[in-house]
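> Could you look at this predicted model? Sequence included:
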Amino acid sequence: MEISRQTLNFKKSMQFLSLHVKGFSAAHTSDDDIAAFFRAFGDVRNVKMTQTGAALVSFSDREAARRARDSSNGAFLNGYPLEVSFFEPKELRVLHQMN
């Protein structure tokens, strides 16, 4: 897969600002619920629910994202345990697999 250097540098610069969150009940949890939960750790810029029942939570700074990941992995939201990790764009995952 060919990706421009400029695009790759942008994706790397955004790394560690977003979290991949799963484990919650998509039927009982809204974007607003997730945003409210993660605001305890810092400024939440965006929450996007995926078709797979996960969510992407973007923060304004890396330290807030790190605090949220460290503190919320395994925490409960609406009765369901969360699995929280840093989001890694597909292009970067492919590059790591190639190395």
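Noted; the coordinates are in hand.

> Compute the distance from the centre of the helix or strand encompassing residue 63 to the centre of its chain.
Assessed by DSSP states H and E, residue 63 sits inside helix 62-72. Per CA atoms, centre = their mean, to the nearest Å, the displacement of helix 62-72 from the mean C-alpha position of its chain is 10 Å.

> What is it packed up against?
strand 18-22, helix 31-38, strand 55-59, strand 83-86 (3 or more CB pairs under 8 Å, 6 or more residues apart in numbering; DSSP states H and E). Any C-beta I mention is one placed from the backbone N, CA and C, and that applies to glycine too.

> Once you drop chain neighbours, what's closest to the residue positioned nearest the centre of the chain?
By CA atoms, centre = their mean, the mean C-alpha position of the chain lies nearest to residue 19, the distance being 1.6 Å. Excluding its sequence neighbours, the residue lying closest to residue 19 (CB to CB, 6 or more residues apart in numbering) is residue 57, at 4.7 Å.

> follow-up on the earlier one: partners of the following helix or strand past the helix holding residue 63 in the sheet?
Proceeding N to C from helix 62-72, the next assigned helix or strand is strand 76-77, under DSSP H and E. Within its sheet, and counting by DSSP bridges, strand 76-77 is paired with strand 80-81 (antiparallel).

> pLDDT on the partner strand, on average?
Here strand 80-81 scores 95 as its mean pLDDT.

> show me where pLDDT drops low in the chain?
1-16, 89-99 (pLDDT under 70).

> tell me the contacts of the nearest residue to residue 59 once chain neighbours are set aside?
Setting aside the residues directly before and after it, residue 59 is nearest to residue 65 in space (CB to CB, 6+ apart), at 4.2 Å. Counting by CB atoms under 8 Å, 6 or more residues apart in numbering, residue 65 touches 16, 17, 18, 19, 41, 42, 59, 86.
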